[in-house]
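J.: next input, structure requested:
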Amino acid sequence: MTITKTKEPAFHITGEVGWINDPNGLIYYKGQYHVFFQYYPEDTKWGPMHWGHVVSDDLTNWKYMPIALYPGDDFDKNGCFSGSAIIHDGKLWLMYTGFIENEGGESIRQVQCLAESEDGVTFKKHGIVIGEDKLPAGYAPCDFRDPKVWRHGDFFWCIVAARKTEGKGRILLFKSSDLFGWELVNDLFDADSAGKMIECPDYNEELGCLFFCEQYQPSENGIHLNIHSCRWCTGRIDYSTGRFVEKARGIVDYGFDIYAPQSFAGEHLFMGWLNMWDRSVPSAKYGFAGMLTVPRTMAIKDGRLYQEPKVSTTEVFRTTLSDRIYDKAVTGVITVRATGLEALELKLRTDGKNSTSLVLSNGEWVFDRSGSGEAITGEEKDADSLAGIRRMPYSASDEVTLTIVMDEFSVEIFEDGRAMSSTIYPPEGADGIELTVKADSCEYTRADVNLK
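T.: Numbering: from 1, shown residues only. Okay, the predicted model is just below:
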């Protein structure tokens, strides 16, 4: 299938053409930030997974590199699934899941594989390093994927998503002295996940922050409405027992469209897939499907995850307002700083008929994309989802800073360390911004993204 990309976001990562999903192998190597991602260049639908690859000097402008991993060997003949990266002996190593479809269902095999590179561009595969023989009894070899690797003490450590044969999602911990020979340490929680399967576990040791995604999980009384949700957990891995000692947990992002958050190796920085499974993707007609979030700084404060966008920008407009302001922009970063905030309504990408809105209502942020333009449909059937609505807790602080990152097909909203991210597909010419506030004082700033 021949694909031509006719439109694309200004600064969010997509494939050159075709489908992308999970970010993989995020790392700083030889003076550049490297981002790999699940990639199928031959269609705008999910297919045999490759590892796409981009690099950047500033985390804003990205350059396409050759595809890093192609499926086709005996151990990954039907796909090179998600994984992570680590630097060892000056080389860049990728640890990923090899997918062998066989006859489908229980006959599928997912194995953990290794590849290395001396230049960060061309990779040599080493095949399977954690096969189904390393799985404990009662765990399904058809659901065993997405390794995250790091170094602690004298060992390399790796967590891998797994599933009990008669149960739900689990996370297994392995260790190795050389990246090649691995041994099972333990089941990280020794308990089933809330959802059917866990995917894309990620551990930032310095912060004591664990990410993982749960498929088809209950909404927990509306705490999250996406049927595929992403969690953070604070705590630490006890290496002597192989257990995660949890302190607290929450939702990574309150929006419609984020999955598979992964942190950069050794840094307080992460990205996610800015899309969602079981969701229509209107951008397919432009030759691409799926993109990644902007990079986000991450911190643990007051026992929870705090995140802020990290984008290179230049301020182009600043003003104070007493009640209302009108502006125009399709892309950029908007910041609203208010003291004594009582009410706020923001309309983005409006043309008088279509608009994407954010309203402060009854102590929460309410995002509404029902009038954004082209409709996006999903599997969620609750009232908010059908109405195009997502909600995020409001800090109710004396001083509030609201940050909105806008691109051609997305909105990422940040307040008090929380985030709410969603795709949108407005019509051509929808570039209006309307902000109405009631506050003791309010300052509105807009910045352009520094694109080369």
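J.: okay, now the unreliable bits of the stretch 1-150 of the chain?
T.: Within the stretch 1-150 of the chain, not a single segment meets pLDDT under 70.
J.: residue with max distance from the center of this structure?
T.: Ser322 (36.6 Å; C-alpha atoms, centre = their mean).
J.: assumed that one was part of a helix.
T.: No: the assignment for Ser322, made by DSSP: H, G, I helix; E, B strand; the rest coil, is coil rather than a helix.
J.: which residues touch it?
T.: Cys442 (C-beta atoms under 8 Å, 6 or more residues apart in numbering). In this view, the C-beta of every residue, glycine as well, is placed from N, C-alpha and C.
J.: all helices of this structure, in order?
T.: 383-386 (DSSP state H).
J.: how does it divide into domains?
T.: As assigned by automatic domain parsing, the chain contains the domains 18-298, 313-449.
J.: need the ones you listed in a markdown table with distance to Tyr306, can you?
T.: Converted to a markdown table, those look like this (distance: least, C-beta to C-beta, whole Å):
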| stretch | distance to Tyr306 |
| --- | --- |
| domain 18-298 | 7 |
| domain 313-449 | 3 |
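J.: so which of those has the densest surroundings on average?
T.: domain 18-298 (a mean of 20; mean count of other C-beta atoms under 10 Å).
J.: just give me the residue right at the centre of this protein.
T.: Note: the chain centre (C-alpha atoms, centre = their mean) maps to Gly272, 1.3 Å.
J.: was I right to think that residue contacts Met291?
T.: No: contact criterion C-beta atoms under 8 Å: Gly272 and Met291 do not qualify, at 10.3 Å.
J.: for the residue lying closest to the residue nearest to the centre of the chain once chain neighbours are set aside, what are its contacts?
T.: Leaving aside its chain neighbours, Gly272 sits nearest to Pro261 (4.0 Å; criterion: C-beta to C-beta, 6 or more residues apart in numbering). Residues in contact with Pro261 (C-beta under 8 Å, 6+ apart) are 200, 202, 211, 213, 230, 252-253, 270-272.
J.: so how far is Lys381 from Pro261?
T.: Noted for Pro261: a distance of 25 Å to Lys381, by C-beta to C-beta, to the nearest Å.
J.: cool, and Asn354?
T.: 24 Å.
J.: and if you look at Ala140?
T.: Ala140 is 28 Å from Lys381, by C-beta to C-beta.
J.: and of the domains of the chain, who's closest to Met1?
T.: Among these, domain 18-298 comes nearest to Met1, with 5.4 Å by C-beta to C-beta.
J.: that closest one: end-to-end distance?
T.: 30 Å (C-alpha to C-alpha, to the nearest Å).
J.: ok, and the closest non-adjacent residue to Phe244?
T.: Leu188 (4.6 Å).
J.: contact partners for the one you found?
T.: 159, 170-173, 201, 237, 242-244.
J.: next step: those restricted to strands.
T.: 159, 170-173, 201, 237, 243-244 (DSSP state E).
J.: of the residues you listed, just say which sits nearest to Glu443.
T.: Pro201 (40.3 Å).
J.: residues touching that closest one, list them.
T.: 146, 148, 159-161, 171, 188, 210-212.
J.: and what of Lys301?
T.: Gly417.
J.: now find how far off-centre stretch 114-124 is within its chain.
T.: Offset of stretch 114-124 from its chain centre (C-alpha atoms, centre = their mean, to the nearest Å): 24 Å.
J.: next: stretch 190-197.
T.: Going by C-alpha atoms, centre = their mean, where stretch 190-197 is centred and where its chain is centred differ by 20 Å.
J.: pLDDT averaged over that stretch, what's the number?
T.: On average, the pLDDT along stretch 190-197 is 96.
J.: which residues are in contact with it?
T.: Against stretch 190-197 from outside (C-beta under 8 Å, 6+ apart): 143, 161, 163-164, 167-170, 212, 214-218, 220, 228-229, 243.
J.: start to end distance for that stretch?
T.: 14 Å.
J.: any idea how far Leu386 lies from Ile251?
T.: For Leu386 relative to Ile251 (C-beta to C-beta), the value is 20 Å.
J.: from the contacts of Pro261, pick the one nearest Val35.
T.: The closest of the contacts of Pro261, once distances to Val35 are taken by C-beta to C-beta, is Met271, at 6.8 Å.
J.: from Ser421, how far off is the closest one?
T.: Distance from Met271 to Ser421, by C-beta to C-beta: 11 Å.
J.: overlap of the contact sets of the two?
T.: Thr293.
J.: how about Ala375, phi and psi?
T.: phi -70, psi 140 (degrees, to the nearest 10).
J.: mind listing what it touches?
T.: Ser280.
J.: just the pLDDT for it.
T.: For Ala375, the predicted pLDDT is 95.
J.: can you tell me how far it sits from Arg279?
T.: 11 Å.
J.: what about stretch 307-321, average pLDDT?
T.: pLDDT averaged over stretch 307-321 gives 98.
J.: before I go, just wanted to say thanks for your time.
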